[in-house]
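**Q** how would this look folded up:
(one chain, ligands or ions: 1)
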Amino acid sequence: QAAIPATLEQAAREAEQLRRQIHYHNHRYYVLDAPEISDAEFDALMRRLIAIEEAYPSLITPDSPTQRVGGAPAEGFDRTLHLTPMLSLANAFSAEDLRAFDNRVRSGLGVDKAEYVVELKIDGLAVNLVYEAGRLVRGATRGDGQYGEDVTANVRTIRSVPLVLPVNDPPALLEVRGEVYMPRREFDRLNEERQAAGEALFANPRNAAAGSLRQLDPRVTAQRALDIFVYATGRREGLNMETHAQTLETLAALGFKVNPHYRVFGSIEEVIDYCYSWNERRVDLPYDIDGLVIKLNSLAGQARLGATAKDPRWAIAFKFPAEQATT
Ligand SMILES: NC(=O)c1cc2c(N)ncc(C(N)=O)c2s1
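**A** Predicted coordinates:
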């Protein structure tokens, strides 16, 4: 165990180097599921940074990886204004509904063919993340779409949420939307724990994720293995995409966790087949989905169609038939 640096400058330099390494390896492990170093080596980096921060507390920053364990409990949640509103989605329940959506989109654009991106609809709760110069500065729940609850301290404990984007030239400002969810295995483990402690059980992973994220004590949130899939941008500076598929690729390249099951299709019939295929396939997923989200791929087309008071005209959610009530 090397000696702690003798001066603040040396300590600051080593802390910065360690943070960069830890953010990189955190991304490899929690976002890509492809670690390059062993857990022991990762823990050694973290222990060294903790030792330096203990010796030089002035070096501790909110986005230091050591802060993943959560800080002091909050009295309540501040209200925060999203940089751009978070819209909701209209629902489709059948192939006919999807064909009607496609007809509205193509007539609205005056085209006879439209390309769609289809993504899994993660059954968790939506969050809004704001990054300034590649650093996470805010995490909020959706709230009413305009204002949400500031849950930044809790979001920082989610290992797959980058505290600092692991890229050299991050955008100056980036607002990102995603779904925080609890993997089913963690849900089962948590409910076993609560059962043993005589506490009320969570009804489903979605409620467990919501309860874990809207915790006043971030140290409790840190003990829940929450995860995230990121799926859209809001306000963004310094990024130019033409399609939603490019947006997803850009978000992955910036260090975010993007669900791998998205597909681009050139016809609504292929969209319909893909949606129905997932009603059976979803049991094999380690997390819950309650449908799929279909979006017009062209961002220019999205802008031309715009949104109603609450829903985009260029997207729709396909919902699986509700679970047949188990008799
Ligand atoms: N309410 C919404 O706008 C959305 C909700 C969700 C969700 N729960 N999961 C995935 C996506 C996605 N991939 O776009 C969306 S979009």
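**Q** could you pull out the strands for the stretch 1-150 of the chain?
**A** Using DSSP state E, counting those that start in this stretch, the strands of the stretch 1-150 of the chain run over residues 79-81, 91-92, 116-122, 125-132, 135-141, 147-149.
**Q** how many residues are close by residue 46?
**A** Neighbours of residue 46 under the rule other Cβ atoms under 10 Å: 18. To be clear about C-beta, it is placed using only N, CA and C from the backbone, and glycine gets the same treatment.
**Q** likewise for residue 255?
**A** Taking other Cβ under 10 Å as the criterion, the count of residues near residue 255 is 23.
**Q** state the distance from it to residue 161.
**A** As defined by Cβ to Cβ, to the nearest Å, residue 255 lies at a distance of 10 Å from residue 161.
**Q** for the ligand, find the nearest of the strands of the stretch 1-150 of the chain.
**A** Proximity of these to the ligand was assessed by Cβ to the nearest ligand atom; the nearest stretch is strand 116-122, lying at 3.4 Å.
**Q** now the residue of the stretch 151-300 of the chain found nearest the ligand, what's its secondary structure?
**A** Among residues of the stretch 151-300 of the chain, the one nearest the ligand by Cβ to the nearest ligand atom turns out to be residue 231. It sits 3.4 Å away. Taking DSSP: H, G, I helix; E, B strand; the rest coil as the rule, one finds residue 231 in the strand state.
**Q** residues from this structure in reach of the ligand?
**A** Applying Cβ under 6 Å from any ligand atom, one finds that the chain approaches the ligand through 87, 88, 89, 119, 121, 122, 126, 179, 231, 232, 293.
**Q** if we go to 5 Å?
**A** Proximity of the chain to the ligand (Cβ under 5 Å from any ligand atom) is limited to residues 89, 119, 121, 122, 179, 231, 293.
**Q** now do the contacts for the second one.
**A** Think residue 119. Contact analysis of residue 119 by Cβ atoms under 8 Å, 6 or more residues apart in numbering lists 231, 248, 259, 261, 262, 292, 293, 295.
**Q** what about those, which one has the most neighbours?
**A** Within the contacts of residue 119, residue 292 tops the neighbour count with 27 neighbours, counted by other Cβ under 10 Å.
**Q** was I right to think it contacts residue 277?
**A** No - the pair formed by residue 292 and residue 277 falls short of the contact definition of Cβ atoms under 8 Å, at 9.8 Å.
**Q** and the helices in this structure, which stretches?
**A** Chain-ordered helices for the chain, with DSSP state H as the definition, fall at 8-26, 39-55, 95-109, 152-155, 184-196, 205-213, 218-222, 244-253, 268-281, 299-305.
**Q** and among those helices, the most buried is which?
**A** Among these, judged by mean count of other Cβ atoms under 10 Å, the one packed with the most neighbours on average is helix 152-155 (a mean of 24).
**Q** touching that one from outside, list them.
**A** The set of residues external to helix 152-155 that reach it, using Cβ under 8 Å, 6+ apart, is 70-71, 74, 127, 129, 136-140, 161, 180, 212-215, 218, 221.
**Q** buried subset of those, written for PyMOL?
**A** Selecting only the buried entries of the contacts of helix 152-155 in PyMOL, with 16 or more other Cβ atoms under 10 Å as the criterion:
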select buried, resi 70+74+127+129+136+138+139+140+161+180+212+213+215+218+221
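**Q** so what touches stretch 162-172?
**A** Residues lying outside stretch 162-172 but in contact with it, judged by Cβ under 8 Å, 6+ apart, are 19, 23-24, 26-27, 31, 63-65, 67-68, 131-136, 156, 236-239, 253-256.
**Q** which of these are buried?
**A** For these, burial is judged from neighbour counts taken by 16+ other Cβ under 10 Å, and it is met by 19, 23, 26-27, 31, 63-65, 67-68, 131, 134, 136, 156, 236, 254-256.
**Q** how near is the residue nearest to residue 90 when sequence neighbours are not counted to residue 113?
**A** Distances taken as Cβ to Cβ, 6 or more residues apart in numbering place residue 311 nearest to residue 90, at 4.6 Å, with adjacent residues excluded. Between residue 311 and residue 113 the distance is 23 Å, computed by Cβ to Cβ.
**Q** same question, residue 79
**A** Distance from residue 79 to residue 113, counting by Cβ to Cβ: 44 Å.
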